[in-house]
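Peer 1: Need a 3D model of the following:
(2 chains)
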There are 2 protein chains.
Amino acid sequence: MEQLEYQEGRTELETLGEFALIDRLTDGFECNQKSTIKGVGDDCAVIGTGKKKTVVTTDMLVEGVHFDMMYTPLKHLGYKAVAINLSDICAMNATPRQVLVSVAVSNRFSVEALEELYAGIRLCCERYDVDLVGGDTSSSRIGMVISVTAIGDVDEDKITYRKGAQCHELICVSGDLGSAYSGLLVLEREKVTYQANPDFKPDLDSYDYVLERFLKPEPRVDIIKYLAEKEIVPTSMIDVSDGLASELLHICKQSNCGCEVYEERLPIDYQTTRVCSEMSKNMLPVSNALNGGEDYELLFTISQKDYEKIKDSKEVHIIGHITEEGSAAVMVTPQNTAIQLRAQGWKEE
Amino acid sequence: MEQLEYQEGRTELETLGEFALIDRLTDGFECNQKSTIKGVGDDCAVIGTGKKKTVVTTDMLVEGVHFDMMYTPLKHLGYKAVAINLSDICAMNATPRQVLVSVAVSNRFSVEALEELYAGIRLCCERYDVDLVGGDTSSSRIGMVISVTAIGDVDEDKITYRKGAQCHELICVSGDLGSAYSGLLVLEREKVTYQANPDFKPDLDSYDYVLERFLKPEPRVDIIKYLAEKEIVPTSMIDVSDGLASELLHICKQSNCGCEVYEERLPIDYQTTRVCSEMSKNMLPVSNALNGGEDYELLFTISQKDYEKIKDSKEVHIIGHITEEGSAAVMVTPQNTAIQLRAQGWKEE
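Peer 2: Okay, the predicted model is just below:
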């Protein structure tokens, strides 16, 4: 009988990044079921034996790591927990159909607080026509943990992986980038002020857009429908959860290619720019777009032949193109300097 | 900006049981997808549009609530987290195929500790021929949380729900009951002794069976195969996670019937009996069987016509029969007294 925390030969978790840790932990696992089409390593797993495939994804939100109860309304939290999983379903070019939601809470939460959380879960399910089909509620000694599994379906020939991008193809992204992180910056600033002076009433009205982007992201189911209507099957796709740079690197690595995106093409909302200028004269909106994360937009590549079909879309922006195997992933500045992209993403604790 | 824990009209979580809480939280959710065959309310959700259906379940294990790191080896914990989900798949008469595993851990755990956990996850996946296809790792401020989703499949006409039991049918249970809880009692006793005297070396050798039943339960995939070989489709089924009494009441409620089980027919291992006698002269093995929980055996009902096919099985025990609508769920003692069953299950914090 002993505490099972190793003292000898101990490797601290911080020494590995999240992706390296997952690689190390899942090394040696094999997929043997004939119904397993794709296991670990994309936005979703793909399973099934028929022409219509099932895609499945799961994501966990931990209090104090992924959300701060100080400024996260529970209804928004429930909405977001479902939304970010639906976003992963969309990233496979699939349609979300069902979710399972498990929640662990300590007794500092009341039944009414949990009802608020579930009101948000329900709102997101209703908005995106998704059924809640299972889950689990449990107590926890401290804090709240929410784990959501989402299920969707897609025709076999429409499945879009991270691999599949080819040289000269166009790189597209939906919506705008960096606004969610800007919302977080505002909330963190107000929190500090509030902690210093609890009588302080923050005025958040002029930050509606960036706050909503952070607190209540929307999965881009509309983009999946739009692509289907236009008969475009992207050659690769991923959702932007860790920042544009990290996601571009995933696509380049798995598609075995490089890329060039143009700084001036990156879609950045004016409110993101305003928040950056308020925070610090050294904070560049483009950094938020590249590394901010949590935008839950879709990043995808399409064949040049599909350019005409998409060029007039207000929601899809062409930001660059794929380059040949062996070339780097770069952003080209207005001064025509190529900056190599690095994954920074959000640092977890 | 405010702490979102309600002060007014606050209902404490403890005032509702787990099942009542789930009912309250999921009230008003509707299933609208045509691929949703069964939502919340059974061991698994059932989805799909073809003849072969997909079943999905999810379960969360929280440190300090579902496991005590003091006496839970991480490898066993990983194994158990997968096993209990596969047990839910079996309870639908389905075959498990894939799992997704999410883990949140604080930095008091090392990479090596997580590798131990995943070694157990892998062992269970390999033993039951199940593919790990996804998941998530995350930090947590305190403690460990493991959330597993399991996926299986079953022919449409073989799906076994909790509803479906009919008057006069036979009630069967696999393996033995109460041994997992006996294992927990032993571990708790040794923990107390160890905390009083850290030099104490517990001798657990003579408790191998009950300890393994608690620390490393096995999903009864073998029983599902056996039933298929014998061409038996149970009329109702559930796995025994909260204790026999609670599970019988679920079947009776959902099948709209009563039941009679016979105390002397309940399968109880001699080690369970021995542990009970060691603990207290008032502790009855039958109480552990009825209310202990975590045995992960299968409880099911079969038509009387299937009696001949199953009567010689060493692993399946016929413990009673279903009674008509409106009658109670009772256990008949050797003295021929009928005791009404109540769900006690395991009390969470």
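Peer 1: burial count for A:G28?
Peer 2: A:G28 has 10 neighbouring residues, counting by other CB atoms under 10 Å in any protein chain shown. For the C-beta atoms, the positions are set from N, CA and C on the backbone; glycine is no exception.
Peer 1: got the phi/psi numbers for it?
Peer 2: The phi and psi values for A:G28, taken as degrees, to the nearest 10, are phi 100, psi -10.
Peer 1: was I right about it contacting B:R122?
Peer 2: Yes. Using CB atoms under 8 Å, A:G28 is in contact with B:R122, at 6.7 Å.
Peer 1: overlap in contacts of those two?
Peer 2: Shared contacts of A:G28 and B:R122 (CB atoms under 8 Å, 6 or more residues apart in numbering or on different chains): none.
Peer 1: residues contacting the residue minimising distance to the centre of chain A?
Peer 2: Geometric centre of chain A, nearest residue: A:S241, 2.4 Å, by CA atoms, centre = their mean. Going by CB under 8 Å, 6+ apart, A:S241 touches A:84, A:87, A:247, A:293-296.
Peer 1: Over to A:F300?
Peer 2: A:F300 is in contact with A:160, A:171-173, A:234-238, counting by CB under 8 Å, 6+ apart.
Peer 1: Chain neighbours aside, what residue packs nearest to A:L61?
Peer 2: For A:L61, ignoring the flanking residues on the chain, the nearest one in space by CB to CB, 6 or more residues apart in numbering or on different chains is A:I146 at 4.6 Å.
Peer 1: quick one: which helix or strand includes that neighbour?
Peer 2: According to DSSP states H and E, A:I146 maps onto strand A:145-155.
Peer 1: Can you list the helices and strands that that strand packs against?
Peer 2: On a contact count with 3 or more CB pairs under 8 Å, 6 or more residues apart in numbering or on different chains; DSSP states H and E, strand A:145-155 meets strand A:52-62, helix A:74-90, strand A:95-105, strand B:52-62, strand B:95-105, strand B:145-155.
Peer 1: Let's have these in TSV, adding distance to A:K216.
Peer 2: As requested, the helices and strands packed on strand A:145-155 are exported to TSV (distance: least, CB to CB, whole Å):
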stretch	distance to A:K216
strand A:52-62	14
helix A:74-90	5
strand A:95-105	16
strand B:52-62	24
strand B:95-105	22
strand B:145-155	23
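Peer 1: who wins for proximity to B:R127 among those?
Peer 2: strand B:95-105 (10.9 Å; CB to CB).
Peer 1: Just give me how far the closest one sits from the chain centre.
Peer 2: Distance of strand B:95-105 from the chain centroid (CA atoms, centre = their mean, to the nearest Å) equals 16 Å.
Peer 1: Stretch A:12-31 too?
Peer 2: That offset, for stretch A:12-31, works out to 20 Å (CA atoms, centre = their mean).
Peer 1: now do stretch A:132-142
Peer 2: 23 Å.
Peer 1: Ok, stretch A:76-85 next?
Peer 2: In terms of CA atoms, centre = their mean, the centre of stretch A:76-85 is set 11 Å apart from its chain centre.
Peer 1: Contacts for that stretch, please.
Peer 2: For stretch A:76-85, contacts defined as CB under 8 Å, 6+ apart pick out A:57-59, A:61, A:67, A:96, A:99, A:101, A:116-125, A:130, A:146, A:148-150, A:215-219, A:241, A:296.
Peer 1: Buried only: go through the residues you listed for me.
Peer 2: When the contacts of stretch A:76-85 are checked for burial by 16 or more other CB atoms under 10 Å in any protein chain shown, the buried set is A:57-59, A:61, A:67, A:96, A:99, A:101, A:116-118, A:120-125, A:130, A:146, A:148-150, A:215-219, A:241, A:296.
Peer 1: Measure how the strand holding A:I146 sits relative to strand B:52-62, angle-wise.
Peer 2: Angle between the axes of strand A:145-155 and strand B:52-62 is 160 degrees (criterion: axes from the mean of the first three to the mean of the last three CA atoms, to 10 degrees).
Peer 1: Please name the strands paired to strand A:145-155 in the sheet, noting orientation.
Peer 2: strand A:52-62 (antiparallel), strand A:95-105 (antiparallel) (DSSP bridges).
Peer 1: can you tell me how far the closest residue to A:E263 other than its chain neighbours sits from B:V286?
Peer 2: Closest residue in space to A:E263, ignoring its immediate chain neighbours: A:T333 at 5.0 Å, by CB to CB, 6+ apart. Distance of A:T333 to B:V286, computed by CB to CB, to the nearest Å: 77 Å.
Peer 1: So which of these two has more stuff around it?
Peer 2: Shown here are A:T333 and B:V286; by other CB under 10 Å, B:V286 has more neighbours (20 against 13).
Peer 1: circling back: adding mean pLDDT, write the strands paired with strand A:145-155 out as JSON lines.
Peer 2: Shown next, in JSON lines, are the strands paired with strand A:145-155 (pLDDT from 0 to 100):
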{"stretch": "strand A:52-62", "mean pLDDT": "96"}
{"stretch": "strand A:95-105", "mean pLDDT": "97"}
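Peer 1: Of the ones you listed, which is nearest A:L185?
Peer 2: Between the strands paired with strand A:145-155, strand A:52-62 lies closest to A:L185; by CB to CB that is 19.7 Å.
Peer 1: mind listing what the nearest residue to A:G175 once chain neighbours are set aside touches?
Peer 2: Nearest residue to A:G175 in three dimensions, chain neighbours excluded: A:E297, at 4.3 Å (CB to CB, 6+ apart). Shown in contact with A:E297 (CB under 8 Å, 6+ apart): A:173-177, A:220, A:239-240.
Peer 1: try 7 Å
Peer 2: Listed by CB atoms under 7 Å, 6 or more residues apart in numbering or on different chains, the contact partners of A:E297 are A:173-175, A:177, A:220, A:240.
Peer 1: if we can go back for a sec, quick one: which of the contacts of A:S241 sit in strands?
Peer 2: Using DSSP state E, the subset of the contacts of A:S241 located in strands is empty.
Peer 1: With respect to pLDDT, which of those ranks lowest?
Peer 2: Comparing pLDDT over the contacts of A:S241, the lowest score belongs to A:G293 (91).
Peer 1: looking at it, that one is touching A:G183, isn't it?
Peer 2: No. The criterion here is CB atoms under 7 Å, and A:G293 misses it with A:G183 at 11.7 Å.
Peer 1: what pLDDT, on average, does stretch A:325-337 get?
Peer 2: Across stretch A:325-337, the average pLDDT comes to 96.
Peer 1: how long is that stretch end to end?
Peer 2: Length of stretch A:325-337, first residue to last, CA to CA, to the nearest Å: 21 Å.
Peer 1: how about it: buried residues?
Peer 2: For stretch A:325-337, burial by neighbour count (16+ other CB under 10 Å) applies to A:329-332.
Peer 1: Same question for stretch A:228-245.
Peer 2: So, applying 16+ other CB under 10 Å, buried residues of stretch A:228-245: A:232-245.
Peer 1: From what I see, A:P219 and A:Y296 are in contact.
Peer 2: Yes. Between A:P219 and A:Y296 there is a contact at 6.4 Å, judged by CB under 7 Å.
Peer 1: Need the overlap of contacts for those two.
Peer 2: Both A:P219 and A:Y296 are contacted by A:83, A:87, under the criterion CB under 7 Å, 6+ apart.
Peer 1: what's stretch A:314-321 in contact with?
Peer 2: Residues from elsewhere that reach stretch A:314-321 (CB under 7 Å, 6+ apart): A:168-175, A:223, A:259-262, A:265-267, A:310.
Peer 1: Quick one: distance of stretch A:187-200 to the chain centre.
Peer 2: 28 Å.
Peer 1: Dump it to PDB, restricted to CA.
Peer 2: The C-alpha trace of stretch A:187-200 is given here as PDB (Å, rounded to 0.1, in the frame of the first residue of the first chain):
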ATOM      1  CA  LEU A 187     -12.200  39.100 -19.200                       C
ATOM      2  CA  GLU A 188      -8.900  38.600 -17.500                       C
ATOM      3  CA  ARG A 189      -8.300  42.300 -17.400                       C
ATOM      4  CA  GLU A 190     -11.700  43.000 -15.700                       C
ATOM      5  CA  LYS A 191     -11.100  40.100 -13.300                       C
ATOM      6  CA  VAL A 192      -7.900  41.700 -12.100                       C
ATOM      7  CA  THR A 193      -9.600  45.000 -11.600                       C
ATOM      8  CA  TYR A 194     -12.500  43.400  -9.800                       C
ATOM      9  CA  GLN A 195     -10.200  41.400  -7.500                       C
ATOM     10  CA  ALA A 196      -8.500  44.700  -6.500                       C
ATOM     11  CA  ASN A 197     -11.800  46.400  -5.900                       C
ATOM     12  CA  PRO A 198     -14.900  44.200  -5.500                       C
ATOM     13  CA  ASP A 199     -17.200  47.300  -5.800                       C
ATOM     14  CA  PHE A 200     -16.000  47.700  -9.400                       C
END
